[in-house]
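Asks: Make a model of this:
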Amino acid sequence: MSEIIDRPLHDDEKPAASRLRIVDCDVHPSLHSTDDLNEFLPKRWQQHLREYGSHLRTPYLFTTPYPRSSPLIARRDAWPPTGGPPGSDLAFMQKQHLDPLDVEFGILQVLDLFIFSQQNLEFGAAIQRAINDWQLAFWSHRDPRLKASILVGQDGIDLAIAEIERCAKIGEYIQINVSPRANEPLGRRRYWPIYERAQALDLPLGIHVGGYGGHAPTGGGWPSYYVEEHQSNAHTIAAQLASLVIEGVLERFPKLKIVFIEGGFGWIPSAVWRMDQHFARFRSEVPHLKRKPSEYVREHFWFTTQPIDEPDEARHLRSLIEWVGIDRLLFSSDYPHWDFDDPRFAIKTPLTEAERKKIFSTNARAVYKF
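Replies: Numbering: from 1, shown residues only. Reported below is the predicted structural model:
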């Protein structure tokens, strides 16, 4: 949590004895302004952006719904002295995050303009192309540690496939990103062409929390409070995990790799236990599943660590990590957002040096093939 930068360190928060180069799987760059996209965006869509802006299923068109005390969901100290929003200044990001924390690789997760949730699909396709080009020109080419993702609006399938093919030819992107808050559950067959291309290209499918699919974020309806909204991120990811497994996506695409980003991992054991139990009783309804749901989860899914679910007792976190699997966890900081996890102090439970190396580096290197 970002509070560590605002208070003295406690005795039990000493950094690890040995320095470990890390792979940060959730780094958020931001546009300094939408003018950054002009060189990548046709005149028609520049004009559209100026005159109409985004068309989203949310009343919050220019910011996020929470938390109101942290504008742009950012750390208080992450606003660059040169101006612009947090995450918009590479030199400041290098000075504040990449260099002092020895980030060997950082995977870019762009949230600007809510590409995944644009209701005007042609406009959405134009800005997803511009954002994908902007990631390389403004970030990856200026600092090779920063790796770009192919962002596509999952509900414009043909446009998404065309963008995946275009970016694949460039050959510099390390995953394909879609949103967990889509028009339909992500296991539905309408989304399978995206998974087919991800498998064929051997690119992981990244699913970062957020987006606006037009549905209530909880299974029980619309929440009353921002804190409820934030809690629902885990619910959304859990629902998509069940959809992807039970609809048979992993049976159809046996080499597909899926990374859930910023959805936590404390809920995984109970979700998987429940799916296995129901599978045993309803197996005849889903004959396309050849194995227990837990087996698909253990083979095909990875989970980033932030925001980490921290029980009061460290030994319980240790048990949770062991159940999910040391090899399924990828460190993420969520820089520069308000609930940032500092890699020097994250994961407050005893880990061996070999285990720390897996979570903070080698697991991600294996998934993304750095």
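Asks: show me what contacts the closest residue to residue 301 other than its chain neighbours?
Replies: In this structure, residue 301 finds its nearest non-sequential neighbour in residue 258, 5.2 Å apart by Cβ to Cβ, 6 or more residues apart in numbering. Every residue, glycine included, has its C-beta placed from N, CA and C. Residues in contact with residue 258 (Cβ atoms under 8 Å, 6 or more residues apart in numbering) are 204, 205, 207, 244, 300, 301, 302.
Asks: ok, what's across the strand from residue 258?
Replies: On the basis of DSSP bridges, residue 258 is bridged to residue 205, residue 301.
Asks: For the nearest residue to residue 153 once chain neighbours are set aside, grab the count of nearby residues.
Replies: Closest residue to residue 153 apart from its sequence neighbours, by Cβ to Cβ, 6+ apart: residue 124 at 4.3 Å. Using other Cβ atoms under 10 Å, residue 124 has 25 neighbouring residues.
Asks: Ok, residue 105 next?
Replies: Using other Cβ under 10 Å, residue 105 has 21 other residues around it.
Asks: Show me what the strand or helix carrying it is packed up against.
Replies: Per DSSP states H and E, residue 105 falls inside strand 103-108. Applying 3 or more Cβ pairs under 8 Å, 6 or more residues apart in numbering; DSSP states H and E, we find strand 103-108 packed against strand 22-27, strand 146-151, helix 363-368.
Asks: Could you rerun that using 6 Å?
Replies: Contact partners of strand 103-108 among helices and strands, from 3 or more Cβ pairs under 6 Å, 6 or more residues apart in numbering; DSSP states H and E: strand 22-27, strand 146-151.
Asks: export it as CSV, just CAs?
Replies: Extracted in CSV, the C-alpha atoms of strand 103-108 (Å, rounded to 0.1, in the frame of the first residue of the first chain):
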residue,chain,number,x,y,z
VAL,A,103,12.7,-3.2,-12.0
GLU,A,104,14.2,-5.4,-14.7
PHE,A,105,11.0,-5.5,-16.8
GLY,A,106,7.7,-3.6,-16.4
ILE,A,107,4.6,-4.7,-18.2
LEU,A,108,2.5,-1.7,-19.4
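Asks: hang on, residue 88 packs against residue 33?
Replies: No: counting by Cβ atoms under 6 Å, residue 88 does not reach residue 33; the two are 8.4 Å apart.
Asks: Comparing these two, which residue is more hemmed in?
Replies: Each of residue 88 and residue 33 has its neighbours counted (other Cβ under 10 Å); residue 88 has more, 23 against 12.
Asks: so the residue lying farthest from the centre of the chain, which of the three states?
Replies: Most distant residue from the mean C-alpha position of the chain: residue 284, 34.2 Å away (Cα atoms, centre = their mean). Here residue 284 is recorded as helix under DSSP: H, G, I helix; E, B strand; the rest coil.
Asks: How confident was the prediction at it?
Replies: With respect to pLDDT, residue 284 scores 97.
Asks: Then residue 230?
Replies: Value for residue 230, per-residue pLDDT: 83.
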